[in-house]
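[1] Provided below are the primary sequence and the corresponding predicted coordinates.
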Amino acid sequence: MDLVPPKTPMDDATLAKLADVFREVFANESLSISHGTTASDIKGWDSLAHIRLMLSVQRAFRVRLSAAETSQLSNVGALLELLRRKQERA
C-alpha cells in the first residue's frame with residue numbers, strides 16, 4: 001500500500017507550477033494535469049519529450065533529478081512527491 005502524505009497548500013502551488021512547465025514543453029496552453037496524469041494521457045509525450053520535460057522541471061524547480069529517479073515515475077503524482085522530497089532536503 002502506498003502512503004500518501006497529507007495535501008498541503010504547497011502541493012497546489014507545486015502542481016500549478018508543474019502544469020506551466022508541461023504547457024511549455026508540450027506547447028499546449030490548454031493542457032491540464034492531475035496527480036493521476038501519465039505519459040499516455042498527453043499527446044506527444046514520448047521518450048524525447050520526457051527528457052525535455054525532466055530538464056525543464058529541473059530548471060523550474062531548481063533541483064537535480066537522476067535518470068534512475070525519473071525512470072521510476074509512474075504519473076504526475078509520483079513526480080510531485082519526488083519534488084516534495086527534493087525541496088525538503090534543500
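    Great, that's in hand. These figures come from a predicted structure and were not determined experimentally.
[2] show me where pLDDT drops low in the protein?
    1-10 (pLDDT under 70).
[3] centroid residue for the protein?
    Leu79 (4.2 Å; C-alpha atoms, centre = their mean).
[4] Can you say which helix or strand has that residue in it?
    Secondary structure from DSSP states H and E places Leu79 in helix 76-89.
[5] In contact with Ala78, which residues are there?
    Gln72 (C-beta atoms under 8 Å, 6 or more residues apart in numbering). For the C-beta atoms, the positions are set from N, CA and C on the backbone; glycine is no exception.
[6] picking that back up, mind listing what's buried along the helix holding Leu79?
    Within helix 76-89, the residues that qualify as buried are Val76, Gly77, Ala78, Leu79, Leu80, Glu81, Leu82, Leu83, Lys86, counting by 16 or more other C-beta atoms under 10 Å.
[7] List the contacts of the last one.
    Listed by C-beta under 8 Å, 6+ apart, the contact set of Lys86 reads Phe61, Val63, Arg64, Leu65.
[8] one step back: wait, the residue nearest to the centre of the chain touches Ala60, no?
    No - contact criterion C-beta atoms under 8 Å: Leu79 and Ala60 do not qualify, at 11.8 Å.
[9] Now do the shared contacts for these two.
    Common neighbours of Leu79 and Ala60 (C-beta under 8 Å, 6+ apart) are Leu18.
[10] count of neighbours near the closest residue to Ile42 other than its chain neighbours?
    In space, and not counting its chain neighbours, Ile42 is closest to Phe26: 6.1 Å by C-beta to C-beta, 6 or more residues apart in numbering. Phe26 sits with 17 neighbouring residues when counted by other C-beta atoms under 10 Å.
[11] how close does Phe26 get to Leu48?
    Phe26 sits 12 Å away from Leu48, going by C-beta to C-beta, to the nearest Å.
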